[in-house]
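Asker: Show me the folded form of this:
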Amino acid sequence: MTAPVLKPYTAADRPWLVEAHGRLYARDEGFDESFPALVDEILRGFEAGHDPAREAGWIAWQSGRRLGSIFCVRLDDDTAKLRLFLLDPAARGKGLGRHLLDTCMAFARARGYRRMTLWTHESHRAACALYARNGFACISATPVRSFGVELVEQHWERAL
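Answerer: The predicted model follows:
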């Protein structure tokens, strides 16, 4: 089996990314259909108006199969936002998540961002542990009802 390769996101990846988010988050978190609809909206916005000089998305591929994604988008001149970080369960625990995160942070640094922020939920324990191991700090946690379930929404940040 070949090692995973990161390829730039294209619109052809959108159906897979929307479906994978919807399926995995429904199975693992109980999220309703509003979540894949949000993912679709985010991706369509990215396709329509992202700045390729300061924003990028990557899809991890291995043996002709998509395994994950990560995006770096502009929040403001100094702050990049990590978005749509996803790993197929079969790809977890093998270092691919770290590789995706490293790629995203290196891109942000190279584009002059000074900070990176992200939004997640407390229930995503493995992702939160990865963020903490890589210098992110949880700066806020708020109980919310989103995607049909009770959650604790978190915002994380780190200097680049």
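Asker: Can I get the helix or strand hosting residue 15 in CSV, CA atoms only?
Answerer: Taking DSSP states H and E as the definition, residue 15 sits inside helix 14-29. In CSV, the C-alpha atoms belonging to helix 14-29 read as follows (Å, rounded to 0.1, in the frame of the first residue of the first chain):
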residue,chain,number,x,y,z
ARG,A,14,-17.2,18.3,-2.5
PRO,A,15,-19.8,15.4,-2.8
TRP,A,16,-17.4,13.1,-0.9
LEU,A,17,-16.6,15.6,1.8
VAL,A,18,-20.3,16.5,2.4
GLU,A,19,-21.3,12.8,2.5
ALA,A,20,-18.4,11.8,4.8
HIS,A,21,-19.0,14.6,7.2
GLY,A,22,-22.8,13.8,7.3
ARG,A,23,-22.3,10.1,7.7
LEU,A,24,-19.5,10.2,10.3
TYR,A,25,-21.0,12.9,12.5
ALA,A,26,-24.5,11.3,12.4
ARG,A,27,-23.0,8.0,13.4
ASP,A,28,-20.6,9.3,16.1
GLU,A,29,-22.3,12.4,17.4
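Asker: any idea of the mean pLDDT in the helix or strand that it is followed by?
Answerer: Using DSSP H and E, the helix or strand that directly follows helix 14-29 along the chain is helix 34-49. Helix 34-49 comes out with an average pLDDT of 97.
Asker: Ok, stretch 57-72 next?
Answerer: Average pLDDT, stretch 57-72: 96.
Asker: cool, and stretch 6-23?
Answerer: Averaged across stretch 6-23, pLDDT comes to 97.
Asker: can you list contacts of that stretch?
Answerer: Residues from elsewhere that reach stretch 6-23, judged by Cβ atoms under 8 Å, 6 or more residues apart in numbering: 31, 33, 35-36, 39-40, 43-44, 46-47, 56-61, 66, 69, 71, 84, 86, 88, 99-100, 103. Bear in mind the C-beta positions are built from the backbone N, C-alpha and C, glycine included.
Asker: Using the three-state scheme, assign the spatially most central residue of the chain.
Answerer: Centroid check for the chain by Cα atoms, centre = their mean gives residue 85 as the closest residue, at 1.9 Å. At residue 85 the chain is in strand, as set by DSSP: H, G, I helix; E, B strand; the rest coil.
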